[in-house]
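In: below are the sequence and a predicted model; questions follow.
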Amino acid sequence: MFPVAHQTIIVLDFGSQYTQLIARRLRELSVYSEILPYDTPADTIRARQPAGVILSGGPKSVSASGAPRCDPALFDVGVPVLGICYGMQLMTDTLGGQVAPAPQREFGHALVHVSGTGSPIFAGLGGNLRVWASHGDMVAAAPPGFTVLATSANAPVAAMADADRQLYALLFHPEVAHTEHGLEILRNFAYETCGCTGDWTMRSFIDEATARIRTQVGDGRVVCALSGGVDSTVAALLVHRAIGDRLTCIFVDNGVLRLNEAAQVRDRFARKMQLPLDFVDASALFLDRLAGVTDPEHKRKIIGNTFIDVFEKRAAELGGFEFLAQGTLYPDVIESVSVVGPSAAIKSHHNVGGLPERMNFALVEPLRELFKDEVRVLGRDLGLEAEFVVRQPFPGPGLAVRILGEVTQPRLRLLRLADAIVVEEIRRADLYTSLWQSFAVLLPIQSVGVMGDERTYEYTIAVRAVESRDGMTADWARLPHDVLGRISSRIVNEVKGINRVVYDISSKPPSTIEWE
């Protein structure tokens, strides 16, 4: 939670997987946003003095038993309120309108005709908009006092407003990139309706985060679990900026890193960035504990628990730390556990959920409420070199979740070599910075091939490349065929043990970016 000095739009979470995107889009507009549970009392929200409130979408029907409902007094809290999808249906149902099952459900692209161009929510927009819909119910009749602003073929009320009470609602999702002018609609709500001026920037965050770290840590010492990625690095830089040499960074080689990565990390941090770094090679221990394990969640837990064991032992040897700094991000928290609303948990993350009580560290997580691209901007503002700032995300469990099946040294060798080729060719094609992630996955599948007039029976590599703005949703990248051809040819010819390469064309959702 940040100081109330920032204009804030509160987002109430009714369980939509897009809730976090609403907050992210607002931050793109330099408006600070905070997600709270759907049942937060209106008095609590009023006390926060927000500039506005947004009700997210959600998977329920307002007529279903146990459907989440907000405090009815929220609609008279004195600031503009925007309902999105389920939020619109709830607003309708609460204020005397009529919600009914749609004759035809809308999931995906829909065409909306905007008639209420005089409303600030659609300022500068008009005509037909292609939008992203995800609903089975519709607003059959708007509540008293509301004006219909937009319609669609399947929805007589696709947008509505009660200007006197500053209540607005959309049956579609402006936060999703597939909605035309979605960001402009959110900008209109934030700036034209809520009166925001755009006082949320990463430069202001640096000073505020530094002050918070100093207040939290006092005269104490901090140990940082450094992974070598952007997140933990930026977290370490912030902590170092706040407390200087009272920070010590520990890097643990877990045995499932990419080709030559451990050596590169040591060089980057010790020589280039001059951060205090302690290196621990525990690769043999990790691989020993992973032997025979094939379940992905079991792999994650083994790696997480082993990391804690190794880290705890080394921190005790170095001695005298009261605090642990981590590069936990907002999407890590959201995907691991429903912390702010009824959103479904997807998978566990290695750095979320607290620490064993025996460790007795207080957590310092300066990036916990930030999204990945905000962290990259922050890194640039802190002076990180551009090549490092745009480094693609790498999972905490490393290559263990890119090897389907048991993790062994021979399989790691195959994947490391194949993955290095993928990265080299993506960089060669000047595509690395435009992709969210691009990597290789080793499948537990062997198939017949022919090499040098001889029959082979070897493993398959899947290539994964996705485009995304924040990792919450992603679309598979339409890589040029010649790039895919070079990747496939090089892997098959240079990595002995691989005779087949396939390309993953699945988006998130329904798939995740990583295979495990």
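Out: That came through, no problem.
In: from what I see, residue 89 and residue 99 are in contact.
Out: Yes. With contact defined as Cβ atoms under 8 Å, residue 89 counts as touching residue 99 (4.9 Å). Glycine gets a C-beta too; all of them are placed from N, C-alpha and C.
In: give me the common contacts of the two.
Out: When contacts are counted by Cβ atoms under 8 Å, 6 or more residues apart in numbering, residue 89 and residue 99 are jointly contacted by 62, 137, 139.
In: how many residues are close by residue 511?
Out: Residues lying near residue 511 (other Cβ atoms under 10 Å) number 15.
In: please read the previous query as pertaining to residue 224.
Out: Quick note: residue 224 (other Cβ under 10 Å) scores 28 neighbours.
In: with residue 184 instead?
Out: Using other Cβ under 10 Å as the criterion, the residues surrounding residue 184 number 17.
In: dump the residue contacts of it.
Out: Contacts of residue 184 by Cβ under 8 Å, 6+ apart are 124-125.
In: repeat the analysis, applying 10 Å as the threshold.
Out: Shown in contact with residue 184 (Cβ atoms under 10 Å, 6 or more residues apart in numbering): 29, 121-125, 174.
In: what's the answer for residue 219, then?
Out: With Cβ under 10 Å, 6+ apart, residue 219 has these contacts: 243, 246, 322.
In: of those residues, which is the most crowded?
Out: Neighbour counts for the contacts of residue 219 (other Cβ under 10 Å) peak at residue 243, which has 21 neighbours.
In: looking at residue 417 now. What's its pLDDT?
Out: On the pLDDT scale, residue 417 is placed at 97.
In: from residue 299, how far out is it?
Out: To residue 299, residue 417 is 21 Å away according to Cβ to Cβ, to the nearest Å.
In: so between those two, which is more surrounded?
Out: The neighbour count for residue 417 versus residue 299, taken as other Cβ under 10 Å, is higher for residue 299 (22 against 19).
In: give the contact list for the more buried one.
Out: If you count contacts by Cβ under 10 Å, 6+ apart, then residue 299 has 256, 289-290, 293, 397-398, 400-401, 403, 406-407, 516 around it.
In: again, only using 7 Å
Out: Residues in contact with residue 299 (Cβ atoms under 7 Å, 6 or more residues apart in numbering) are 290, 293, 397, 400-401, 407.
In: among the contacts of residue 219, which one sits closest to residue 430?
Out: The closest of the contacts of residue 219 to residue 430 turns out to be residue 243 (Cβ to Cβ; 39.7 Å).
In: can you classify the closest one by secondary structure?
Out: Per DSSP: H, G, I helix; E, B strand; the rest coil, the secondary structure class of residue 243 is helix.
In: quick one: it and residue 216 touch, right?
Out: No. Between residue 243 and residue 216 there is no contact under Cβ atoms under 7 Å: 10.0 Å.
In: using pLDDT, spot the least trustworthy of the contacts of residue 299.
Out: Among the contacts of residue 299, residue 397 has the weakest pLDDT, 92.
In: which residue packs closest to it, ignoring adjacent ones?
Out: Spatially, and ignoring its direct neighbours in sequence, residue 397 is nearest to residue 303 (4.6 Å; Cβ to Cβ, 6 or more residues apart in numbering).
In: relative to the whole chain's centre, how far out is the helix or strand where that neighbour lies?
Out: If you go by DSSP states H and E, residue 303 is part of helix 296-318. Relative to its parent chain, helix 296-318 has a centroid offset of 24 Å by Cα atoms, centre = their mean, to the nearest Å.
In: give me the mean pLDDT for that helix.
Out: Mean predicted confidence for helix 296-318 is 92.
In: export it as PDB, just CAs?
Out: Output in PDB follows, covering the C-alpha atoms of helix 296-318 (Å, rounded to 0.1, in the frame of the first residue of the first chain):
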ATOM      1  CA  PRO A 296       5.900 -30.500 -12.000                       C
ATOM      2  CA  GLU A 297       4.500 -29.300  -8.600                       C
ATOM      3  CA  HIS A 298       6.700 -31.700  -6.800                       C
ATOM      4  CA  LYS A 299       9.700 -30.400  -8.700                       C
ATOM      5  CA  ARG A 300       8.800 -26.800  -7.800                       C
ATOM      6  CA  LYS A 301       8.500 -27.700  -4.100                       C
ATOM      7  CA  ILE A 302      11.800 -29.700  -4.100                       C
ATOM      8  CA  ILE A 303      13.600 -26.800  -5.700                       C
ATOM      9  CA  GLY A 304      12.000 -24.200  -3.400                       C
ATOM     10  CA  ASN A 305      12.700 -26.300  -0.200                       C
ATOM     11  CA  THR A 306      16.200 -27.100  -1.200                       C
ATOM     12  CA  PHE A 307      16.900 -23.500  -2.000                       C
ATOM     13  CA  ILE A 308      15.700 -22.600   1.500                       C
ATOM     14  CA  ASP A 309      18.000 -25.200   3.000                       C
ATOM     15  CA  VAL A 310      21.000 -24.000   1.200                       C
ATOM     16  CA  PHE A 311      20.300 -20.400   1.600                       C
ATOM     17  CA  GLU A 312      19.600 -20.700   5.300                       C
ATOM     18  CA  LYS A 313      22.800 -22.600   5.900                       C
ATOM     19  CA  ARG A 314      24.900 -20.000   4.000                       C
ATOM     20  CA  ALA A 315      23.200 -17.000   5.600                       C
ATOM     21  CA  ALA A 316      23.800 -18.500   9.000                       C
ATOM     22  CA  GLU A 317      27.500 -19.000   8.100                       C
ATOM     23  CA  LEU A 318      27.700 -15.300   7.100                       C
END
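In: pull out the buried residues from that helix.
Out: By 16 or more other Cβ atoms under 10 Å, the buried positions in helix 296-318 come out as 296, 299-300, 302-304, 306-308, 310-312, 314-315.
In: same question, stretch 130-150
Out: Quick answer for stretch 130-150 (16+ other Cβ under 10 Å): 131-135, 137-139, 142-143, 146, 148-150.
In: perfect, that will be all.
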